[in-house]
Each structure stands twice: as C-alpha cells, then as structure tokens.
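In: sharing a sequence plus its predicted fold:
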Amino acid sequence: MVFVTYLGNWQVIVGFGVVAVAILALLRKKQETVFLVAALISGEIIKEILKFIVRRPRPDASLALIQESGYSFPSGHAMMAIIFYGIIGYFIYKLCRKKWQKIIISIAAGAFIFLIGFSRIYLGVHWTSDVIAGWLLGFLIIGATWKIFNDGVYFAKRT
C-alpha cells in the first residue's frame, strides 16, 4: 500500500504532470494542456486553503503505518489523484477507438483513484471522510474547470 500511496504524492503528480504536459504539447493539444494545468493548480490551491481553514488533525500517529505531517482534511492524495488520473484517463479514453480499450482505461483510472484514496485510510494517515471529501472536491474541481473553459472564451467555438 505504501507504493500505491506514493502514486498520489505531489512529487509523483508533478513528475507525471510534466511528462503529460510535454506529450500534450508535442501532440499540439493546447486546450487539453491548459485544462490539465488549470485543474491541477486550482486543486492544489483549494486543498491548501481548506487544510488551513479546517485544521483537522490526522488519526493517531502511533497507529499509522507511515508518518505524515500537516492537517488531515481534505485528503490531498485523493483529491489530486482524481484530478490528475481522472483527466489523463479521460484524455486517453478519447483517443481509444475500440470499446474494450475504453473499458480498460476507465477501470484502470478508477482503480488508481480508488486505491490511492484507500491506501491513505489503510496506512492510518486519513479518516474515511477526508478521502471521500478529497474525491468529491477533486471531481467538483474538474467539473468547474471544464465548465469555465467550455463556457468561457478559451474553448469557445469560432464561428
């Protein structure tokens, strides 16, 4: 489970994010690149603001399998996992032509997101509500970013 939780660490998300942005840029996917970066930055800012406001302590550190510092709510790993792996999964899904490929990508992205969140509970560094809130907030951030970009000037269709 420790390896799984590392897939949600900010260092891994940033590293994979840089690779994803480079690939999207090479493919000349400007809208997708800006959307991914905007969602990730928005997620990070909102997560930090909420942690500062709520200041919920983590579960008892003596029972945790790994040590974490900082506040518990919301789970940044769960939030950033749904934002990053959800968006990347969606981009790959759009590229797939066959139904079985789309199913595999959907299951893989969903499994990554679920397992990263579950690992935080299993390792004893988050309450279940922290993870659920992280997932919900991440989903809302994706939706809000999508809405802003699609209704705004950036993704507007030229006539």
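Out: Nice, thanks for sending it over. Numbers count the residues shown, from 1 in each chain.

In: secondary structure element for the residue lying closest to Gly138 once chain neighbours are set aside?
Out: Distance criterion CB to CB, 6 or more residues apart in numbering; nearest residue to Gly138, sequence neighbours excluded, is Ile82 at 3.5 Å. Yep, even glycine has a C-beta here, placed from its N, CA and C like the rest. Ile82 belongs to helix 76-95 when assigned by DSSP states H and E.

In: now for that helix, which elements pack on it?
Out: helix 10-26, helix 30-54, helix 99-122, helix 128-151 (3 or more CB pairs under 8 Å, 6 or more residues apart in numbering; DSSP states H and E).

In: the inter-axis angle of the second one versus helix 128-151?
Out: Angle, helix 30-54 to helix 128-151, by axes from the mean of the first three to the mean of the last three CA atoms, to 10 degrees: 140 degrees.

In: likewise the third one?
Out: Orientation check (the same axes, to 10 degrees): helix 99-122 against helix 128-151 gives 140 degrees.

In: what comes up buried for the helix or strand bottoming out on mean pLDDT in the chain?
Out: Every helix and strand of the chain was ranked by mean pLDDT, DSSP states H and E. The lowest is helix 2-6, at a mean of 84. Applying a neighbour-count criterion of 16 or more other CB atoms under 10 Å, the buried positions in helix 2-6 are 4-5.

In: CA atoms only: put the helix holding Ile82 into PDB for me.
Out: Written as PDB, here are the backbone C-alpha positions of helix 76-95 (Å, rounded to 0.1, in the frame of the first residue of the first chain):
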ATOM      1  CA  GLY A  76      -4.700  15.900  -0.900                       C
ATOM      2  CA  HIS A  77      -3.700  12.500  -2.300                       C
ATOM      3  CA  ALA A  78      -7.300  11.600  -3.000                       C
ATOM      4  CA  MET A  79      -8.100  15.000  -4.400                       C
ATOM      5  CA  MET A  80      -5.100  15.200  -6.700                       C
ATOM      6  CA  ALA A  81      -5.400  11.600  -7.800                       C
ATOM      7  CA  ILE A  82      -8.900  12.100  -9.100                       C
ATOM      8  CA  ILE A  83      -7.900  15.400 -10.800                       C
ATOM      9  CA  PHE A  84      -4.700  14.000 -12.400                       C
ATOM     10  CA  TYR A  85      -5.500  10.400 -13.100                       C
ATOM     11  CA  GLY A  86      -9.200  11.200 -13.900                       C
ATOM     12  CA  ILE A  87      -8.200  13.800 -16.500                       C
ATOM     13  CA  ILE A  88      -5.400  11.700 -18.000                       C
ATOM     14  CA  GLY A  89      -7.700   8.700 -18.100                       C
ATOM     15  CA  TYR A  90     -10.300  10.800 -19.900                       C
ATOM     16  CA  PHE A  91      -7.800  12.100 -22.500                       C
ATOM     17  CA  ILE A  92      -6.600   8.500 -23.200                       C
ATOM     18  CA  TYR A  93     -10.300   7.400 -23.300                       C
ATOM     19  CA  LYS A  94     -11.000   9.900 -26.000                       C
ATOM     20  CA  LEU A  95      -8.100   8.500 -28.100                       C
END
